[in-house]
Each structure stands twice: as structure tokens, then as C-alpha cells.
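Participant: what shape does this take:
(one chain, ligands or ions: 1)
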Amino acid sequence: MSIMMPAADQAVLSRRAEIVAALRTIVPGEGVIDSAAEMLAYESDGLTAYRQPPMVVVLPDTTEQVAKVLKYCQGQGIKVVPRGSGTSLSGGALPLADGVLLGLGKFKRIREIDFDNRVVVTEPGVTNLAISQAVAHAGFYYAPDPSSQIACSIGGNVAENSGGVHCLKYGMTTNNVLGCEIVLMNGEILRIGGKSAENAGYDLMGIITGSEGLLGVITEITVRILQKPETARALMVASPRSRRPANAWRGSSAPASSRAAWR
Ligand SMILES: Cc1cc2nc3c(=O)[nH]c(=O)nc-3n(C[C@H](O)[C@H](O)[C@H](O)COP(=O)(O)OP(=O)(O)OC[C@H]3O[C@@H](n4cnc5c(N)ncnc54)[C@H](O)[C@@H]3O)c2cc1C
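Facilitator: Below you'll find the predicted structure:
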């Protein structure tokens with residue numbers, strides 16, 4: 001079964017040259033890509049069964065540029081699809097023929113490492129693994145570990161609420177993200193949450209996490225980091241009944257922290 005993409009808006013496509021020129025005034029230099037050959041790299045995400053070149057690719061590198069692009073697009077009735085590393089397996093970063101593909105690949109700086117508060121403030125294009133690598137020298141790491149962590153971006157992780165094996169014990173992305181800067185589709189820049197898990201008001205981070213780029217473009221993320229355990233060992237336990245190893249482990253003399261993973 002194939003999925004039909006929405007019909008492209010011909011009125012928007014007929015203004016393509018004008019739109020590209022306007023975007024170039026916001027993101028100068030090589031930040032706007034409109035040649036068919038160069039846009040091929042963006043025509044799909046990890047769900048390669050579906051391919052669609054965008055109308056134009058825009059690669060901003062500041063929050064202000066993102067805000068201006070979104071404001072312009074909303075004013076002109078142009079759709080926008082944000083993209084991190086493009087490893088999504090759900091087609092979330094699949095472009096639209098009449099839309100702007102907004103790549104966050106240039107947002108790849110870690111802005112702050114705060115060991116006292118056990119947080120890292122990072123731009124969305126930084127890979128998941130790079131966060132752990134940046135704090136490894138001090139014995140810390142970032143827990144959620146999708147198996148694409150060498151390539152996927154932390155912005156994509158937030159947008160998809162990604163997880164991996166560590167999440168059995170430490171929770172998904174939503175349990176490890178404390179705050180963000182997000183640009184709404186009208187160009188408004190919001191700061192949500194902060195360095196603490198305890199914030200007054202509604203849990204807006206809970207709404208943004210897993211929103212697949214539909215609520216805005218995330219331009220900064222504050223994640224919590226954890227201290228590495230003193231040791232980690234692989235254990236294989238066999239049993240004819242699935243609950244027995246778990247029960248044995250719970251009653252064992254292993255540290256409470258590791259037994260918690262089985263609850
Ligand atoms: C080999 C492989 C293994 C994988 N393993 C796992 C796994 O173990 N666990 C798991 O959960 N997933 C896994 N995935 C899926 C994928 O890697 C994750 O969903 C990852 O979080 C996507 O990140 P990305 O940067 O590639 O996002 P993209 O694919 O670029 O985008 C994903 C979605 O996020 C949105 N988005 C991206 N950046 C932003 C932003 N800055 N602001 C707003 N919206 C944004 C996009 O619009 C899109 O909807 C795997 C994928 C592959 C190819």
C-alpha cells in the first residue's frame with residue numbers, strides 16, 4: 001500500500017524564484033539550496049520507501065534566522081518541515097514538494113556544560129552521542145541511547161521522544177530533557193523549562209517532546225546528565241519462565257540501582 005502525498009500548491013510553486021530570493025536575504029551565503037542535484041540528499045529520511053524533493057532547502061545557523069524564516073513562511077502560506085539528521089524511520093522529516101525543508105545541521109555547538117547542576121545546554125544539531133562524549137572525561141553521560149545515536153540529532157530525539165536500552169531504567173527523552181528554546185511558526189521565540197525538573201506552570205516540555213516538529217522548531221535544549229556507574233557488566237540469564245530471572249535479580253545482593261531496572 002502506498003501513501004498519497006497531499007497535492008502541491010501550484011500557486012506557491014509558481015512563486016518559487018521569488019520565495020528563494022526572499023529566503024536568501026534571510027539566510028545568506030550557502031544557507032539556501034535550490035538546485036535539484038544538491039537537494040537530492042534531503043529527499044528522504046530513514047524511511048527510504050518515500051522520497052520527495054522539497055521546493056527549497058534552508059540551513060539557518062542562528063535562532064534569529066529560524067524565526068525570520070518561519071515568520072516569512074507563515075506570512076506567505078508556505079509549509080515548513082524541520083529536519084535534524086534525517087534518521088527518522090517514520091517519515092517525519094520527509095519534505096513536501098511545495099514546502100521549505102528547514103535543516104538544523106548547522107546548530108552543532110554545545111553551549112554550556114554545567115556539572116554543578118548536572119546539565120548540558122546544547123544546540124539541536126548536536127548528535128546524541130556527542131553529548132555523552134563531551135562529558136565523558138568527568139565520568140558523566142546522557143542516558144537515552146537510540147541505536148542511531150552516532151548520527152541522530154538531539155533535536156530529532158526531542159521531536160520523536162526517542163529511546164534506547166538505557167531507557168528501561170532512566171526513562172525516555174521526555175524524562176531527561178529539562179528545557180528548550182523553541183521558535184513557533186509565527187516566528188515567536190519561547191524559552192521553556194530550565195536547568196531544573198521542577199518548574200511552575202504547565203508541563204510544556206511534555207507537549208513539545210514527541211511533537212514531531214509540528215509545534216515549532218527547537219533551537220536549544222537543556223538535558224540532564226548522569227554519573228556513570230562504577231562498573232557495568234553484561235549478564236545472560238536463562239529460565240523456562242520469563243518472570244523468574246527478574247524475581248531472582250530483585251532478591252539478589254546487587255545494588256538497588258541496578259535492581260530497579262527490572263521493576
Ligand atoms: C539504524 C537506526 C536505528 C534507530 N534506532 C532507534 C532507537 O533505538 N530508538 C529510537 O527511538 N529511534 C531510533 N531510530 C529512529 C531515529 O534515529 C530517531 O527517531 C531520532 O530521534 C531521529 O533524529 P534525527 O535527528 O535523525 O531526526 P529527523 O529524522 O531529522 O527528524 C525526525 C522528526 O523530528 C523533527 N525535528 C528534527 N529536528 C527538529 C528540531 N530541531 N525542531 C523541531 N522538530 C525537529 C522532524 O521534523 C521530524 O518530524 C533509528 C533510526 C535508524 C536509521
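
Participant: for this structure, what lies in contact range of the ligand?
Facilitator: By the rule Cβ under 6 Å from any ligand atom, the part of the chain lying against the ligand is 45-46, 81-89, 92-93, 104, 124, 146-148, 152-153, 155-157, 159-160, 162-164, 212-213, 217-218. (Each C-beta comes from the backbone N, C-alpha and C, glycine too.)

Participant: for the stretch 101-250 of the chain, which segments count as helices?
Facilitator: Counting by DSSP state H, counting those that start in this stretch, the stretch 101-250 of the chain has helices at residues 128-135, 154-160, 167-170, 204-208, 243-250.

Participant: name the helices or strands packed onto the second one?
Facilitator: Counting contacts by 3 or more Cβ pairs under 8 Å, 6 or more residues apart in numbering; DSSP states H and E, the secondary-structure elements packed against helix 154-160 are helix 128-135, strand 217-224.

Participant: can you do 10 Å?
Facilitator: strand 79-83, strand 119-122, helix 128-135, strand 177-183, helix 204-208, strand 217-224 (3 or more Cβ pairs under 10 Å, 6 or more residues apart in numbering; DSSP states H and E).

Participant: pLDDT (mean, whole number) over it?
Facilitator: Mean pLDDT, computed over helix 154-160, is 98.

Participant: give the contact list for the residue lying closest to residue 165 once chain neighbours are set aside.
Facilitator: Nearest residue to residue 165, sequence neighbours excluded (Cβ to Cβ, 6 or more residues apart in numbering): residue 145, at 6.4 Å. By Cβ atoms under 10 Å, 6 or more residues apart in numbering, the contact set of residue 145 is 128-129, 132, 157, 162-167, 170.

Participant: repeat for residue 227
Facilitator: Counting by Cβ under 10 Å, 6+ apart, residue 227 has contacts 115, 118, 135, 138-141.

Participant: cutoff 7 Å now
Facilitator: By Cβ atoms under 7 Å, 6 or more residues apart in numbering, the contact set of residue 227 is 139-140.

Participant: beta partners for it?
Facilitator: Listed by DSSP bridges, the beta-bridge partners for residue 227 are residue 140.

Participant: regarding this protein, what is its longest helix?
Facilitator: Longest helix in the chain, counting residues (DSSP state H): helix 63-76.

Participant: circling back to that earlier point, now tabulate the contacts of residue 145 in CSV and tack on neighbour count.
Facilitator: Shown next, in CSV, are the contacts of residue 145 (neighbours: other Cβ atoms under 10 Å):
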residue, neighbour count
128, 24
129, 18
132, 19
157, 32
162, 25
163, 20
164, 18
165, 12
166, 18
167, 19
170, 19
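
Participant: returning to what we had before: are any of the residues of the chain next to the ligand buried, and if so which?
Facilitator: Buried by 16 or more other Cβ atoms under 10 Å: 45-46, 81-88, 92-93, 104, 124, 146, 148, 152-153, 155-157, 159-160, 162-164, 212-213, 217-218, out of the residues of the chain next to the ligand.

Participant: for the protein, where's the lowest mean pLDDT among helices and strands?
Facilitator: helix 256-259 (a mean of 51; mean pLDDT, DSSP states H and E).

Participant: residue of the stretch 101-250 of the chain closest to the ligand, please.
Facilitator: residue 156 (2.2 Å; Cβ to the nearest ligand atom).

Participant: before we move on, the earlier item: what pLDDT is listed against the residue nearest to residue 165?
Facilitator: Looking at residue 145, its pLDDT reads 96.

Participant: next: the one 3 residues further on.
Facilitator: At residue 148, the predicted lDDT confidence score is 97.

Participant: out of everything not next to it in sequence, what's closest to it?
Facilitator: Among residues not flanking residue 148 along the chain, residue 87 sits closest, at 4.6 Å (Cβ to Cβ, 6+ apart).

Participant: got a list of what that neighbour touches?
Facilitator: Applying Cβ under 7 Å, 6+ apart, one finds that residue 87 lies in contact with 45-46, 148, 151-152, 156.

Participant: now with 6 Å, please.
Facilitator: 46, 148, 151-152 (Cβ atoms under 6 Å, 6 or more residues apart in numbering).
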